[in-house]
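Engineer: Sharing a model that was predicted from the sequence below.
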Amino acid sequence: MPELAVDNQVVFPESVTSWAQLVSRAVKKSQLVNITPQSGPIALVVDDVEAAFEAVALMVSFDLDAIVLSHDQLGNYTSNLLVTSGYTVVEYPSGKRGPGSELPRPACARVGLLTSGSTGKPKLIHHTWTTLFSGERCQATRRRRWLVPYQVGTYAWYQMVTMGLFQPGQDLVPLATPSGADFVQTALEKGVDSVSSTPTLWRLVLLGAKEEDIRALSLKQITLGGEIVDQPLLNRLRALFPDANVTQVYASSEAGVAVVVQDGQAGFPADLLRRDNPRGPTLRIQDGRLWVRSPYSACSANGKPAEWVDTGDCVELRDDRVYFLGRRDSGVINVGGAKLLVSDIEAVVLEHPAVAWCRVRGVRAPLVGNLPKADFVVKPGYPIPTDAELVFHCRAKLPRQAIPRFWSRLESIPIEASLKAAL
């Protein structure tokens, strides 16, 4: 396990503490919770974000085989999954125990986490602190204060937590309710100079906060991940924060961190496909999908050599650059035998001056199988475009079968707990 950066701070709404203080508090409470270095797999269920960080300090202190999650994540399916996987469910810090049975501890401490479930039900996978800690290669090494909007216990959350845990000079500011207004207010009040988030959360911020308040943020580092990052969003962020370094990180719970791009362009250079890096991620395209072999992957957590992981994300090589197209089950719409890329249709709709956000998907239709449908959100102050106006806009850049046949205006951008756009 990397060395703990004990002086790094975690800035909560009502208090500021260091990791050294969090460890001290966690060790004292371990007696109440009856957790020892010999404890078997434990699911630490927390009520708030402060307890979540304290639970992480407990895991590190005792080298526990454990998972941290909030009460909101503990439904019937998750509870059964944890119990059948040998976890004892413990409410932290009260110590109240639910069902489960302690199993012998593995050779090295594991960090359990749940996948987002974007392709079905969430899965329980395991990492180590070493496979989760990739901050030294994909983030700035200067002293930073990071806004952390991610849901407790997710892979993206652990990416930020491990950076605060192990990389000196990286302070964390958890964001309990990641709305656009709270995002800006918290960042201003707590002196945030760096943000890691999804594109959808940034679109919520740009849609819901005043531009003068957004520009008042003194951001030096912006990291985007979790979803496709399009060129208009990159351009917008670069215009708002000309002094900030904008980084795209492609990662998944299973594959770990795979791609880090800082050139301001959507996608990533095809040159990365031609690198065989024994100490870092290696990429390949097979059957139109991205495959990753990485020392940061979940399969590397057992100490064995990294294996190739099918990410399930469709990609396309264009002009010596690789672009993400979406998941294999939602990135393509088959209209009468013509395979249409959802990302291409969305990019054209987003070029309409009144459209702030767009999501395209296929809906069943007789004879042709599917037809494109577009949900969209209008920018504040703009007149609502009619369906005919949107069709006319798309007609100039899309083939006839790719023009959405159905249009639905939404009042706000739908967002999941993972901070990704809701499907």
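Structural biologist: Alright, I've got the coordinates.
Engineer: A298 reaches H126, doesn't it?
Structural biologist: Yes. Look at A298 against H126 with C-beta atoms under 8 Å: they come within range, at 6.3 Å. (Glycine included, C-beta is placed from N, CA and C.)
Engineer: Which pLDDT value does the model give I285?
Structural biologist: You'll see I285 listed with a pLDDT of 94.
Engineer: What is the burial count for the residue lying closest to it once chain neighbours are set aside?
Structural biologist: Nearest non-adjacent residue to I285, counting by C-beta to C-beta, 6 or more residues apart in numbering: V315, 5.9 Å away. When neighbours are defined as other C-beta atoms under 10 Å, V315 has 22 of them.
Engineer: Run the chain-centre distance for the strand or helix carrying V315.
Structural biologist: Assigned by DSSP states H and E, V315 belongs to strand 308-318. The chain centroid and the centroid of strand 308-318 are separated by 17 Å, computed with C-alpha atoms, centre = their mean, to the nearest Å.
Engineer: what's the answer for stretch 294-302, then?
Structural biologist: 18 Å.
Engineer: what residues does it touch?
Structural biologist: Contact with stretch 294-302 is made by 108, 110, 125-128, 131-132, 134, 251, 253-258, 279-282, 306-307, 309, as judged by C-beta atoms under 8 Å, 6 or more residues apart in numbering.
Engineer: ok, of those residues, which come out buried?
Structural biologist: Buried residues within the contacts of stretch 294-302, counting neighbours by 16 or more other C-beta atoms under 10 Å: 110, 125-128, 131-132, 134, 251, 253-258, 280-282, 306, 309.
Engineer: Among those residues, name the ones in strands.
Structural biologist: I125, H126, H127, A251, G256, V257, A258, T282, V309 (DSSP state E).
Engineer: Most widely separated two among those residues?
Structural biologist: By the measure C-beta to C-beta, H126 and T282 form the most distant pair in those, at 21.9 Å.
Engineer: Model confidence score at I228, please.
Structural biologist: 90.
Engineer: for it, what are its contacts?
Structural biologist: P199, A266, F324, L325, G326, S343.
Engineer: Find the nearest non-adjacent residue to the first one, please.
Structural biologist: Think P199. Per C-beta to C-beta, 6+ apart, closest to P199 is E227, 5.0 Å.
Engineer: Could you report the neighbour count for that neighbour?
Structural biologist: E227 has 18 nearby residues by other C-beta under 10 Å.
Engineer: SS state for it?
Structural biologist: coil (DSSP: H, G, I helix; E, B strand; the rest coil).
Engineer: Nearest the middle, which residue of the protein would you pick?
Structural biologist: G226 (4.0 Å; C-alpha atoms, centre = their mean).
Engineer: Hmm, A417 and that one touching each other?
Structural biologist: No. Counting by C-beta under 8 Å, G226 stays clear of A417, with 12.0 Å between them.
Engineer: count of residues packed around K123?
Structural biologist: 15.
Engineer: now the one 10 residues further on
Structural biologist: Here the neighbour count serves as a burial measure; for F133 (other C-beta under 10 Å) it reads 22.
Engineer: dump the residue contacts of it.
Structural biologist: P2, T162, M163, L165, F166, Q167.
Engineer: and the helix or strand harbouring the third one, how far from the chain's centre?
Structural biologist: M163 is located in helix 155-166, with elements delineated by DSSP H and E. Its chain's average C-alpha position is 12 Å from that of helix 155-166, according to C-alpha atoms, centre = their mean.
Engineer: Could you check the angle the very next helix or strand once past it makes with helix 155-166?
Structural biologist: Toward the C-terminus, helix 155-166 is succeeded by strand 170-174 as the next helix or strand (DSSP H and E). Note on geometry: by axes from the mean of the first three to the mean of the last three C-alpha atoms, to 10 degrees, strand 170-174 and helix 155-166 are set 140 degrees apart in direction.
Engineer: how about the helix or strand that comes right after strand 170-174: buried residues?
Structural biologist: Downstream of strand 170-174, the first helix or strand assigned by DSSP H and E is helix 180-189. In terms of neighbour count (16+ other C-beta under 10 Å), helix 180-189 has its buried residues at G180, D182, F183, V184, T186, A187.
Engineer: Show me which of the residues you listed is closest to S30.
Structural biologist: Closest approach to S30 among the buried residues of helix 180-189 (C-beta to C-beta): T186, at 30.5 Å.
Engineer: show me the contacts for the closest one.
Structural biologist: Counted by C-beta under 8 Å, 6+ apart, T186 has contacts L147, V173, L175, V192.
Engineer: Averaged pLDDT, stretch 385-401. What do you get?
Structural biologist: 95.
Engineer: Any idea how far apart the tips of that stretch sit?
Structural biologist: 21 Å (C-alpha to C-alpha, to the nearest Å).
Engineer: residues in contact with it?
Structural biologist: Against stretch 385-401 from outside (C-beta under 8 Å, 6+ apart): 335-336, 338, 340, 344-345, 348-349, 351-352, 354-355, 374, 376, 378, 402-404, 407.
Engineer: and if we set it to 10 Å?
Structural biologist: 333, 335-338, 340, 344-345, 347-349, 351-355, 358, 368, 371-372, 374, 376, 378, 383, 402-409 (C-beta atoms under 10 Å, 6 or more residues apart in numbering).
Engineer: Point out where the chain drops to low pLDDT.
Structural biologist: 32-33, 36-39, 100-108, 117-120, 135-141, 277-278, 301-305, 328-330, 423 (pLDDT under 70).
Engineer: Can you spell out the domain ranges of it, please?
Structural biologist: 1-265, 332-409 (automatic domain parsing).
Engineer: List just the one of the ones you listed that sits closest to L290.
Structural biologist: domain 1-265 (7.6 Å).
Engineer: roughly how far is the closest one from the heart of the chain?
Structural biologist: On C-alpha atoms, centre = their mean, the centre of domain 1-265 falls 9 Å from the chain's centre.
Engineer: Show the end-to-end separation of it, please.
Structural biologist: The first-to-last residue distance of domain 1-265 comes to 35 Å (C-alpha to C-alpha).
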